[in-house]
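Chemist: Curious how this folds, go ahead:
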Amino acid sequence: MPKKDHIKFIPEPFLTTGDIAAYCHTGISHVKRWIKSGDLDAIQTPGGHYRVKKEDFRGFLEKNNIPIEEKFFQSSKITKILIADDDPTVVDAFNLLLTSHYSDVDIEVSYDGYETLVKTGEFKPDLLILDIKMPKIDGLEVCRRLRDDIASTQKIKIIAITAHSEAYDRDTVLAHGADEYLIKPIDSKTLLEKVEKLL
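Modeler: The predicted structure follows:
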């Protein structure tokens, strides 16, 4: 996932003439000339505006020996993360850490196992940061149910966390479907490393 200080990401699938002008450090009128001359493929909207596919713009850059900034062409997909913990302090800390570190993250939170299952179905996160000891339904059962639902939730990455390592050992937690296992208290660097690894 891109960090906050990375180059601005452009919405997909089309670029505007302004996007292209900014990339090439030129005016929009120049971009329109490239389009009208056939050098740059584009479509025209009903309102008369030009839109260019990223792959067509990349081809234009290659043909004209203009340097390519790879970050510009990476996907701008928003990563969804669900933080599930019955301790609001932990939820707030993780939320702040992730939103301050990444520019493309959408975060939801839940405070018990039942709410976690409901929100997972509605929000469809890419990653679930899951406390194992939670009210209503514990994290092990949440993991098991998510992994049993092959159609919609099996691909979700799960980082299981606990302050009770004596009750929830690593092998048991991973056997229930978690991808990673961390023991509280968790330092910021370790959590970010695990997020990067899974996403």
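
Chemist: So what touches the longest helix seen in the chain?
Modeler: Ordering each helix of the chain by length in residues (DSSP state H) puts helix 88-101 first. Outside helix 88-101, the residues within contact range by C-beta atoms under 8 Å, 6 or more residues apart in numbering are 3-4, 81, 83, 85, 105, 107, 109, 111, 129, 131, 184, 188, 191-192, 195. Every residue, glycine included, has its C-beta placed from N, CA and C.

Chemist: same question, stretch 116-125
Modeler: Contacts of stretch 116-125 (C-beta under 8 Å, 6+ apart): 80-82, 84, 108, 110, 128, 130, 134, 137, 142, 145-146, 152-153, 156.

Chemist: mind listing what's buried in that stretch?
Modeler: Of all the residues in stretch 116-125, those buried under the rule 16 or more other C-beta atoms under 10 Å are 116-117, 119-120, 125.

Chemist: ok, so of those residues, who is nearest residue 47?
Modeler: Nearest to residue 47 out of the buried residues of stretch 116-125 is residue 125 (C-beta to C-beta; 36.3 Å).

Chemist: Who is the residue sitting nearest the centre point of the chain paired with across the strands?
Modeler: In the chain, the residue lying closest to the centroid (C-alpha atoms, centre = their mean) is residue 79, at 1.6 Å. Taking DSSP bridges as the rule, residue 79 bridges to residue 105.

Chemist: repeat for residue 161
Modeler: Note on residue 161: beta-bridge partners residue 131, residue 182, judged by DSSP bridges.

Chemist: contacting residues for it?
Modeler: By C-beta under 8 Å, 6+ apart, the contact set of residue 161 is 85, 129-132, 181-184, 186.

Chemist: buried subset of these?
Modeler: Buried among those (16+ other C-beta under 10 Å): 85, 129-132, 181-182, 186.

Chemist: Looking at these, which is nearest residue 35?
Modeler: Nearest to residue 35 among these: residue 129, at 45.7 Å, using C-beta to C-beta.

Chemist: did I read that right, the closest one in a helix?
Modeler: No - under DSSP: H, G, I helix; E, B strand; the rest coil, residue 129 sits outside any helix and is assigned strand.

Chemist: hang on, it packs against residue 159?
Modeler: Yes - Residue 129 is within contact range of residue 159, at 4.9 Å (criterion: C-beta atoms under 8 Å).

Chemist: any shared contact partners between these two?
Modeler: Shared contacts of residue 129 and residue 159, counting by C-beta under 8 Å, 6+ apart, come down to residue 191.

Chemist: What's the separation between the nearest residue to residue 24 once chain neighbours are set aside and residue 90?
Modeler: Here the nearest residue to residue 24 in space, its sequence neighbours aside, is residue 66; by C-beta to C-beta, 6 or more residues apart in numbering that works out to 6.7 Å. Relative to residue 90, residue 66 is positioned 48 Å away (C-beta to C-beta, to the nearest Å).

Chemist: And these two? Which one has more around it.
Modeler: The neighbour comparison of residue 66 against residue 90 (other C-beta atoms under 10 Å) goes to residue 90, with 19 against 13.
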